[in-house]
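Visitor: Provide a 3D model corresponding to the input given below.
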Amino acid sequence: MLRSPSACNGQEKTALTFSFAIGVFLCLAPVSATATDHSGISIRFYPSAVQPGDVSELIVQMDRQTFGEFELHVPSHPQLHLVSMQRAPVSFEDGRYRQRQILILQPLSSGKVTINEAQVEFTDSNGPQSILLPAATLDVLPFNSADLSDVPQSLPAAGHDVVSTTMPIVYGAVLLVCILIIAVVIAYRMRMQTSITDANPNWEPTLDAIERLQSGEIPIRLLERILVQDGYDLSPELRREIEHTVYGKRREPAALVALLRKETVH
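Guide: Residues are numbered from 1 along each chain as shown. This next block holds a predicted model:
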């Protein structure tokens with residue numbers, strides 16, 4: 001049976017449309033996979049729905065099997081006020097490396113607020129790289145009509161008002177002092193480490209690590225530097241022992257000293 005030219009043209013158009021759709025899907029599929037896989041780093045708001053004046057946490061966390069660390073960069077947003085920032089260092093538990101950084105944000109008005117240009121400076125054994133994170137959206141809900149009522153509310157008791165006003169100030173002051181102390185300690189240790197390196201260009205981290213381990217000290221930052229510094233060809237056994245010492249709960253300084261002497265001291 002012969003088919004009419006119009007029927008043939010219709011089938012050819014359908015086939016071309018189908019082929020084009022498949023091609024578009026194949027082109028976009030790798031892009032979608034990349035948008036959700038950022039070296040084990042994810043971003044989200046918690047809670048994801050608040051009202052103006054409430055606070056929500058923008059949580060960026062890393063969960064991966066191999067070592068890595070990141071530094072978060074989030075652009076300012078006209079509808080969000082930064083209250084504080086919290087950062088947890090890299091930890092090693094159950095065979096995985098984890099790191100978390102939290103921005104506590106306060107929305108100023110209702111509507112949808114989207115953070116779509118956040119990125120991290122990610123560093124692993126391959127070196128540093130910049131990673132653009134996927135967009136994170138916060139729903140800022142309007143107040144209910146009951147919240148806008150003109151009916152005056154009863155005043156709280158005087159004692160309750162004093163306590164409710166004073167306690168947040170006290171907690172905030174204590175938190176600020178703790179953050180300042182931690183920042184000063186970290187800055188001091190980094191300066192001491194830098195001054196040692198500048199004063200002695202031939203300074204060898206592995207020899208320093210051996211001496212400090214033998215003295216009973218666990219030089220965490222020095223061992224981290226050995227892990228990520230270029231020019232050290234560490235065996236899997238030595239790398240695993242350093243990682244357990246730095247990030248795990250099991251620490252065997254004698255075994256680590258023996259491996260360092262065997263592989264790095266010539």
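Visitor: Verify the contact between residue 110 and residue 142 for me.
Guide: Yes: at 4.2 Å, residue 110 and residue 142 qualify as touching, with contact defined as C-beta atoms under 8 Å. C-beta: built from backbone N, CA, C; applies to glycine.
Visitor: so what sits against both of those two?
Guide: The contact sets of residue 110 and residue 142 overlap at 51, 52 (C-beta atoms under 8 Å, 6 or more residues apart in numbering).
Visitor: So these two - more neighbours on which side?
Guide: Legend: neighbour count by other C-beta atoms under 10 Å for residue 110 and residue 142, higher for residue 110 (15 against 12).
Visitor: State the distance from the more buried one to residue 50.
Guide: Shown here: residue 110 relative to residue 50, a distance of 10 Å by C-beta to C-beta, to the nearest Å.
Visitor: Mind listing the shared neighbours of the two?
Guide: 140, 141.
Visitor: can you give me the helices for the protein?
Guide: Assigned helices in the chain, in chain order: 5-36, 158-199, 205-214, 220-228, 236-247, 253-264 (criterion: DSSP state H).
Visitor: Run through the neighbouring helices and strands of the third one.
Guide: The contact analysis (3 or more C-beta pairs under 8 Å, 6 or more residues apart in numbering; DSSP states H and E) places helix 205-214 against helix 220-228, helix 253-264.
Visitor: and of these, who's closest to residue 121?
Guide: In terms of C-beta to C-beta, the element of the helices and strands packed on helix 205-214 nearest to residue 121 is helix 220-228, at 13.4 Å.
Visitor: Run through who's touching that closest one.
Guide: If you take C-beta under 8 Å, 6+ apart as the criterion, helix 220-228 is touched by 67, 123, 125, 189, 193, 205-206, 208-209, 212, 232, 234, 239, 242-243, 245-246.
Visitor: So what's the gap between that helix and the chain middle?
Guide: Averaging C-alpha coordinates over helix 220-228 and over its chain gives two centres that are 20 Å apart (C-alpha atoms, centre = their mean, to the nearest Å).
Visitor: Could you export it as CSV, CA atoms only?
Guide: Provided in CSV are the C-alpha atoms of helix 220-228 (Å, rounded to 0.1, in the frame of the first residue of the first chain):
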residue,chain,number,x,y,z
ILE,A,220,47.9,18.1,64.5
ARG,A,221,48.5,21.0,62.1
LEU,A,222,52.0,19.9,61.2
LEU,A,223,50.7,16.4,60.3
GLU,A,224,47.9,18.0,58.2
ARG,A,225,50.5,20.0,56.3
ILE,A,226,52.5,16.9,55.5
LEU,A,227,49.2,15.3,54.1
VAL,A,228,48.5,18.2,51.7
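Visitor: now it against helix 253-264, angle please.
Guide: Counting by axes from the mean of the first three to the mean of the last three C-alpha atoms, to 10 degrees, helix 220-228 points 40 degrees away from the direction of helix 253-264.
Visitor: Which parts of helix 220-228 count as buried, going by neighbours?
Guide: Neighbour-count burial for helix 220-228 flags 222, 223, 224, 225, 226, 227 (criterion: 16 or more other C-beta atoms under 10 Å).
Visitor: quick one: which two of those residues are the most distant?
Guide: 222 and 227 (10.1 Å).
Visitor: Quick check: the gap between residue 241 and residue 263.
Guide: As judged by C-beta to C-beta, residue 241 and residue 263 stand 10 Å apart.
Visitor: neighbour count winner among the two?
Guide: Taking neighbours as other C-beta under 10 Å, residue 241 and residue 263 compare with residue 241 leading, 22 against 15.
Visitor: Kindly provide the distance from that one to residue 117.
Guide: Summarising the geometry, the distance separating residue 241 from residue 117, computed by C-beta to C-beta, is 40 Å.
Visitor: and if you look at residue 127?
Guide: 23 Å.
Visitor: repeat for residue 223
Guide: Using C-beta to C-beta, one gets 35 Å for the distance from residue 223 to residue 117.
Visitor: same question, residue 64
Guide: 23 Å.
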